[in-house]
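**Q** pasting the sequence and the predicted coordinates here, then a few questions.
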Amino acid sequence: MLSIIIPFHNEKENLPILIMQLTSQLHLMEKDYEIILVDDGSTDNTISNLKCQMSNLQLKSQNLYYFTHKKKLGKGQGLKTGVENAKGETIVFMDADLQDDPSDLPRFLEKIKDGHDFVNGIRGKRNDNLLVKFYSKIVAWFLREFLHSPYTDINCGYKVFRKKVLGGFTFYGNNFRFFPLAVFYNGYKVTEINVKNNPRIYGKTKFGPSKLFTGLLDTLTAFFLYKFAERPLHFFGTIGSGVFLVGFLISLYLTIERLFFGVLLVTRPLLWLGILLIIIGIQIGMTGIIGELIVYLDHKSDKSSP
């Protein structure tokens, strides 16, 4: 069975069109499927409008399942709700804004059939604003250079994967953006295909300047989690050592001036900066040591548990 998860917020005009296109494509493919719609606190009665339009067109689908959040919790929580209720062994993530085209679905499934565990979409001809394109390019460069990401367009919402790749991954906040990286790092076979990126016709994009800032913070979080989660001392130790070294060199320079040139330290505010940097460097390094202890005790408890 194929489980198609579509989280949405205020997509009153788009969602009925998407469901029509999607069900038509699935019937052509003769696939067993379920469509899981997760309403993330919509205020425009999207679900009611969808049911009304399907009733007017005399269309009934026993494969549609509705889940509703009482308030907006974010796309990550929407995907989590969908995954927790999915019955299929193959899962599809799609956006509800009609930018993801159902006609690309057979090509995704061909890659799964060929033995891949995760297939990511690449939006070739982007129909997004300049802010979204700029953000995507920056993130792609950062992930490629610092996290050795194999993905061209990790922010594409159109993805198909085997349910087994979920493993212990938990969707929360905005970490869904880096779900593909977790799959790759766990050794699963991943690939990408080019997909259509249709222009948004109805409604407004959910991506704005604030999302750009939080997205950059999420990228830094991913950098730390995937690169240093098992060795926090490498991260904090490197930064702490650098800060400590700068403070030590400042203090050494001032000491030489005092001992050999008679310069009074009371006239040198730089002394306080040197001492401050030494203390901060030690504290950052100790944070890394505490992190190492936490990781060690966590692994030790896993081994001792039955």
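**A** Ah, there it is. Numbers count the residues shown, from 1 in each chain.

**Q** by contact count, what packs against the strand or helix carrying L249?
**A** Following DSSP states H and E, one finds L249 within helix 232-261. Judged by 3 or more CB pairs under 8 Å, 6 or more residues apart in numbering; DSSP states H and E, the packing partners of helix 232-261 are helix 209-228, helix 270-304. C-beta here means a position set from N, CA and C on the backbone, and glycine is covered the same way.

**Q** okay, the angle between it and helix 209-228?
**A** When axes from the mean of the first three to the mean of the last three CA atoms, to 10 degrees is applied, the directions of helix 232-261 and helix 209-228 differ by 90 degrees.

**Q** mind checking the pLDDT average for helix 232-261?
**A** Mean pLDDT, helix 232-261: 93.

**Q** the inter-axis angle of that helix versus helix 270-304?
**A** 160 degrees.

**Q** show me where this protein has strands.
**A** Taking DSSP state E to define them, one finds strands in the chain at 2-8, 33-40, 64-69, 90-93, 118-123, 159-162, 190-195.

**Q** how about a markdown table for the helices and strands packed on helix 232-261, with mean pLDDT, mean neighbour count and distance to F176 added?
**A** Formatted as a markdown table, these follow (pLDDT from 0 to 100; neighbours: other CB atoms under 10 Å; distance: least, CB to CB, whole Å):
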| stretch | mean pLDDT | mean neighbour count | distance to F176 |
| --- | --- | --- | --- |
| helix 209-228 | 73 | 15 | 10 |
| helix 270-304 | 88 | 14 | 24 |
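
**Q** turn the ones you listed into CSV, including distance to K125.
**A** Formatted as CSV, the helices and strands packed on helix 232-261 follow (distance: least, CB to CB, whole Å):
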stretch, distance to K125
helix 209-228, 22
helix 270-304, 44
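
**Q** for E30, find the nearest of those.
**A** Nearest of the helices and strands packed on helix 232-261 to E30, taken as CB to CB: helix 209-228 at 38.8 Å.

**Q** check which helices and strands that closest one sits against.
**A** helix 130-146, helix 179-185, helix 232-261.
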